[in-house]
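Asks: Structure for this input, please:
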Amino acid sequence: MQPRKILVVDDSKLIHKMFEVLLRQYSLVHCLDGLEALQALGNHADIDLILLDINMPRMSGLEFLNQIKADNFFKEIPVVIISTEGKEEDTVRGLEAGAAAYIKKPFGNQELLEVIQRL
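Replies: As a prediction, this is how the structure comes out:
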């Protein structure tokens with residue numbers, strides 16, 4: 001099943017603008033950090049997929065990921081980490097925390113679209 005509504009969590013406004021162009025066939029909800037994303041999940045119970053950065057102010061992506069994976073209501077939402085942190089241990093840490101996929105910035109548009117289609 002294709003996702004219809006995607007939560008984009010990244011502190012870069014440029015990334016949000018890029019996703020608006022690249023993912024125009026989806027409804028996007030934009031958040032600049034993990035705390036804002038937790039609030040957005042409460043207001044948008046129909047989120048199908050989360051695109052998540054790691055390094056953000058107030059609440060990091062991994063802290064956010066740990067919180068939603070501990071919540072029975074949100075734990076089944078697939079999360080794709082998209083981060084500049086691309087060392088193998090970063091990838092392992094993200095996947096062990098419950099991410100469905102890990103994409104390193106910069107990434108190709110097709111790579112992201114293929115991961116979304118696969119999930």
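
Asks: Check which residues of the lowest-mean-pLDDT helix or strand in the chain are buried.
Replies: Of the helices and strands making up the chain, the lowest-confidence element is helix 88-96, at a mean of 83, by mean pLDDT, DSSP states H and E. Neighbour-count burial for helix 88-96, counted by 16 or more other C-beta atoms under 10 Å, picks out 90-91, 93-94. From N, CA and C alone the C-beta is placed, and that goes for glycine too.

Asks: what about the residue positioned nearest the centre of the chain, which SS state?
Replies: Closest to where the C-alpha atoms of the chain average out (C-alpha atoms, centre = their mean) is L51, at 1.8 Å. Here L51 is recorded as strand under DSSP: H, G, I helix; E, B strand; the rest coil.

Asks: so it sits right up against V80, yeah?
Replies: Yes: at 5.3 Å, L51 and V80 qualify as touching, with contact defined as C-beta atoms under 8 Å.

Asks: joint contacts of these two?
Replies: Taking C-beta atoms under 8 Å, 6 or more residues apart in numbering as the contact rule, L51 and V80 have no neighbour in common.

Asks: avg pLDDT for stretch 58-70?
Replies: Averaging pLDDT along stretch 58-70 yields 93.

Asks: wait, I meant stretch 31-39
Replies: Stretch 31-39 comes out at a mean pLDDT of 95.

Asks: Distance from that stretch to the middle of the chain?
Replies: 11 Å (C-alpha atoms, centre = their mean, to the nearest Å).
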